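Undergrad: Generate coordinates for the sequence data below:
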Amino acid sequence: MRTMLEAEGHSVIEAESGRAGLAHLVERPDAIFVDVDMPHMTGVQFLIQLRQHPERAQTPATFVTGHGERIEIFADAGIAEPRILSKPFHRRDLCSALARMLTGVKRHNLKVALSPNVLRADVDGEPAGAVLRLGQDEIALQPVRALKEGRKYRLRLGDVELDTLCTDASNAFTRLRISSNQRESIDKLQSFLAIGADALVGWARPGAAERGYLKHIDSQTASVVSEPRPALNQPVILQLPWKGKNDKGTSELRGCSAIVTQITDDGFSCAFDSPSTEFRIALTALLSDGTVLAGEGAPLVSG
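TA: Residues are numbered from 1 along each chain as shown. Next up is the predicted model:
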């Protein structure tokens, strides 16, 4: 089980007994798989104590057993998800069970989320805009002043200065490529990179493929900074970067159809239409490691 979940990008905590599982609750797990037969404390006993925990009582949990008929009455009682993960199980069954538990759950393990209103950049000593994406070789800004494509700029984030080249300048966002010889400066930004300021998203509409940047995403909706913008009520396909690898060893995108619900000054908002299990897994992976804005989060830079 651990190998399967880690292959899907999740962090896994293992406990050899129910007592050990209770001790691990201080790590604020987002979901729990509970074996029925465990030493010292059965899975049912563990869940009864979990439901009385002052802070973790609402943590979703799923029974894992080869004897489902013995445990159905307890699952129906509400101490665990009504659907049981039966042994032996396939990876798709495990991922589907996890996706059900995580859908709509307020995440506990979010690292500090990037807010576009918090991390700001200066270019040539003047305010340039809020950071939408911060990567190893590129920065995307929601601009407050126009920059020119093909021109070099000195960009400042906090006490870090970078030489950059403007590669794309639109009303919605500006992209700046970071010079490759600035390894030391990039290393100083690792704290920002580690908390997932990377919020790149691809979206497509009939007959066109576009690129945008996430401002917000949850289990049902997303807000995207993009230019051009789709039309209201237009169907689009939102594609999220997936950290796993396919059989060819290359990165993948997981897509989901959505309907545009609002046109904003810098892009659009949309609602997902029947997201697949694969898309939900990619979404929960992004939310769990803080890759995208999920909730208000804590400020990275004050002011």
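
Undergrad: So for stretch 120-136, mean pLDDT?
TA: Averaged over stretch 120-136, pLDDT sits at 82.

Undergrad: Please identify the buried residues of that stretch?
TA: The neighbour-count check on stretch 120-136 (16 or more other Cβ atoms under 10 Å) flags 120, 121, 122, 123, 128, 129, 130, 131, 132, 133, 134, 135 as buried. All C-beta atoms are positioned from the backbone trio N, CA, C, and that covers glycine.

Undergrad: Taking those residues together, which two end up most distant?
TA: For those, the farthest-apart pair by Cβ to Cβ is 122 and 135; their separation is 18.7 Å.

Undergrad: tell me the SS of residue 149?
TA: coil (DSSP: H, G, I helix; E, B strand; the rest coil).

Undergrad: Next: residue 19.
TA: Here residue 19 is recorded as helix under three-state DSSP.

Undergrad: show me what contacts it?
TA: Contact analysis of residue 19 by Cβ atoms under 8 Å, 6 or more residues apart in numbering lists 40, 41.

Undergrad: What strand or helix carries residue 145?
TA: Residue 145 is part of no helix or strand, with elements assigned from DSSP states H and E.

Undergrad: Check the secondary structure at the closest residue to it other than its chain neighbours for me.
TA: Distances taken as Cβ to Cβ, 6 or more residues apart in numbering put residue 128 closest to residue 145, at 6.5 Å, once the chain neighbours are dropped. Assigned state for residue 128: strand (three-state reduction, three-state DSSP).

Undergrad: Residue 128: what's it in contact with?
TA: By Cβ under 8 Å, 6+ apart, the contact set of residue 128 is 120, 121, 122, 141, 143, 144, 145, 147, 153, 155, 174.

Undergrad: Neighbours of the closest residue in space to residue 2 that isn't next to it in sequence, how many?
TA: For residue 2, ignoring the flanking residues on the chain, the nearest one in space by Cβ to Cβ, 6+ apart is residue 12 at 4.8 Å. A total of 12 residues lie near residue 12 under the criterion other Cβ atoms under 10 Å.

Undergrad: Torsion angles phi and psi at residue 123?
TA: Phi and psi for residue 123, reported as degrees, to the nearest 10, are phi -120, psi 120.

Undergrad: now swap in the one 10 residues further on and tell me
TA: With angles defined as degrees, to the nearest 10, residue 133 sits at phi -150, psi 140.

Undergrad: and the gap between it and residue 101?
TA: According to Cβ to Cβ, to the nearest Å, residue 133 stands 30 Å off from residue 101.

Undergrad: swap in residue 268?
TA: 30 Å.

Undergrad: Please apply the same query to residue 93.
TA: Noted for residue 93: a distance of 13 Å to residue 101, by Cβ to Cβ.

Undergrad: Okay, helices next: where are they in this protein?
TA: Remark: helices assigned in the chain by DSSP state H are 2-7, 18-23, 43-50, 68-76, 91-102, 183-188, 190-194, 277-288.

Undergrad: Return the member of these having the minimum mean pLDDT.
TA: In terms of mean pLDDT, the lowest-scoring of those is helix 190-194 (a mean of 54).

Undergrad: State the number of residues packed around the residue nearest to residue 96 when sequence neighbours are not counted.
TA: Counting by Cβ to Cβ, 6+ apart, residue 96 lies nearest to residue 277, which is 5.2 Å off, once chain neighbours are set aside. Number of residues near residue 277 (other Cβ under 10 Å) recorded here: 15.

Undergrad: isn't residue 277 right up against residue 98?
TA: No - using Cβ atoms under 8 Å, residue 277 makes no contact with residue 98, being 9.3 Å away.

Undergrad: Pick the one among the buried residues of stretch 120-136 closest to residue 189.
TA: Closest to residue 189, out of all of these and judged by Cβ to Cβ, is residue 134, at 6.9 Å.

Undergrad: And the closest one, how far from residue 150?
TA: Note on residue 134: its distance to residue 150, by Cβ to Cβ, is 22 Å.
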